[in-house]
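Participant: This is the structure alone, sequence omitted:
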Ligand SMILES: NC(=O)c1ccc[n+]([C@@H]2O[C@H](COP(=O)([O-])OP(=O)(O)OC[C@H]3O[C@@H](n4cnc5c(N)ncnc54)[C@H](OP(=O)(O)O)[C@@H]3O)[C@@H](O)[C@H]2O)c1
């Protein structure tokens, strides 16, 4: 273990994109030590750090589902970590645990903020951040509790080649639906159709996108999964079938406007009335008590090959998290974006 610890803190609230070297500051301190542990706490080193677009929401001070980060506060994030010392019966030295460690190399974490990693058959370690982690669970509960895809229905998924989207599309296929994925490059579209079993994939950056969307939805859209908001949501509203369900999971295209001058709105909302659309948001954390059962089912699908994982692992230590989060908004990831803070020995 190093005697020094690097940690990212919030330096200023962004009004647009997160700017490396400005939005966050990298602070070096002495690393925490085992003699500082109180009962119930563990000392961990961070191995794999999850990068999540929702972080951009937490940088903005408004009424949200969790409090905004304060200036100078450690950047919030979850990770697969290794226990270096423990005063908790829930974990012992050497265990790998999932922890809300934040963007840091070493952390002391209390029992409310770490969970043992119980990998179901079929899963690998990094899946605990992806296919069976929060993004996989988001896909699972958003479909199980809100969307309820049916055999033969047309399901459209935006942000389809991202961590949540790839699992949404694959579960909808398991449920027998016809699945259309929307992503930001032809390469991503190929992965969706050739590797992950999507029926159709459309590149929203192509000039012909609107026309292709219309052609791909002759019977209109029964279920739309929204990861991105913006113009893709507006188009999905135009193509919604009567009594369509819209699962409102996120709005990545709008996050970087938070705190800025532009106030994105949604056109075509009248379609909600005309077509009796049910548009429902949800937060995965609401189903935390049901995570273990969901992980077993997701693990089973992984083992059976019905769900395939995709992940983009950035190497180079904690420092790359700062540019990595911007890469997520630039669409440089396929599947779950993870920073390898320390190689697993
Ligand atoms: N409700 C919940 O409980 C919950 C939980 C977890 C995540 N979420 C939300 O789910 C969404 C997906 O999260 P994730 O972690 O799986 O991230 P992700 O999809 O792996 O990564 C973000 C993706 O967004 C796409 N994107 C970026 N800017 C865009 C734009 N302007 N228009 C369209 N697409 C854009 C990029 O792909 P392209 O190359 O295709 O542009 C990028 O790969 C986010 O909105 C997140 O906040 C919600």
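Facilitator: Looks like it arrived, so ask away. All values derive from a computational prediction rather than experimental measurement. Residues are numbered from 1 along each chain as shown.
Participant: And the pLDDT at the residue sitting nearest the centre point of the chain?
Facilitator: Central residue of the chain (Cα atoms, centre = their mean): residue 135, 4.4 Å from the mean position. Here, the pLDDT recorded for residue 135 equals 98.
Participant: For the stretch 101-250 of the chain, which residues are neighbours of the ligand?
Facilitator: 134-135, 138, 159, 161-165, 183-185, 188, 227-228, 230, 249-250 (Cβ under 6 Å from any ligand atom). All C-beta spots, glycine's among them, are computed from the backbone N, C-alpha and C.
Participant: Please narrow the residues you listed to those residing in strands.
Facilitator: Mapping those onto strands (DSSP state E) picks out residue 183.
Participant: Of the residues of the stretch 101-250 of the chain next to the ligand, just the buried ones, PyMOL syntax please.
Facilitator: Selection of buried members from those for PyMOL, criterion 16 or more other Cβ atoms under 10 Å:
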select buried, resi 134+135+138+159+161+162+163+164+165+183+184+185+188+227+228+230+249+250
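Participant: how many neighbours does residue 40 have?
Facilitator: Using other Cβ atoms under 10 Å, residue 40 has 14 neighbouring residues.
Participant: Helix, strand, or coil at it?
Facilitator: When classified by DSSP: H, G, I helix; E, B strand; the rest coil, residue 40 comes out as coil.
Participant: What separation is there between the residue of the stretch 201-345 of the chain found nearest the ligand and residue 337?
Facilitator: Taking Cβ to the nearest ligand atom, the ligand has its nearest neighbour within the stretch 201-345 of the chain at residue 250, 2.0 Å off. Noted for residue 250: a distance of 14 Å to residue 337, by Cβ to Cβ, to the nearest Å.
Participant: ok, now residue 285?
Facilitator: For residue 285, the distance to residue 337 equals 20 Å [Cβ to Cβ].
Participant: Between these two, which is the more surrounded one?
Facilitator: Neighbour count, other Cβ under 10 Å: between residue 285 and residue 337, residue 337 has more, with 26 against 13.
Participant: Make sure the more buried one is indeed in a strand.
Facilitator: Yes. Counting by three-state DSSP, residue 337 is located in a strand.
Participant: wait, what's in contact with the residue nearest to the centre of the chain?
Facilitator: 52, 129, 162-164, 167, 336 (Cβ atoms under 8 Å, 6 or more residues apart in numbering).
Participant: Show me which pair in the residues you listed is furthest apart.
Facilitator: Farthest-apart pair in the contacts of residue 135 is 52 and 167; separation 14.5 Å (Cβ to Cβ).
Participant: Okay, and the beta partners of the residue nearest to residue 71 when sequence neighbours are not counted?
Facilitator: Excluding the flanking residues, the one nearest residue 71 by Cβ to Cβ, 6 or more residues apart in numbering is residue 10, at 5.6 Å. When bridges are called by DSSP bridges, residue 10 pairs up with residue 24.
Participant: you'd agree residue 10 is up against residue 22?
Facilitator: No. Applying Cβ atoms under 8 Å as the test, residue 10 and residue 22 come out as separate, 11.0 Å apart.
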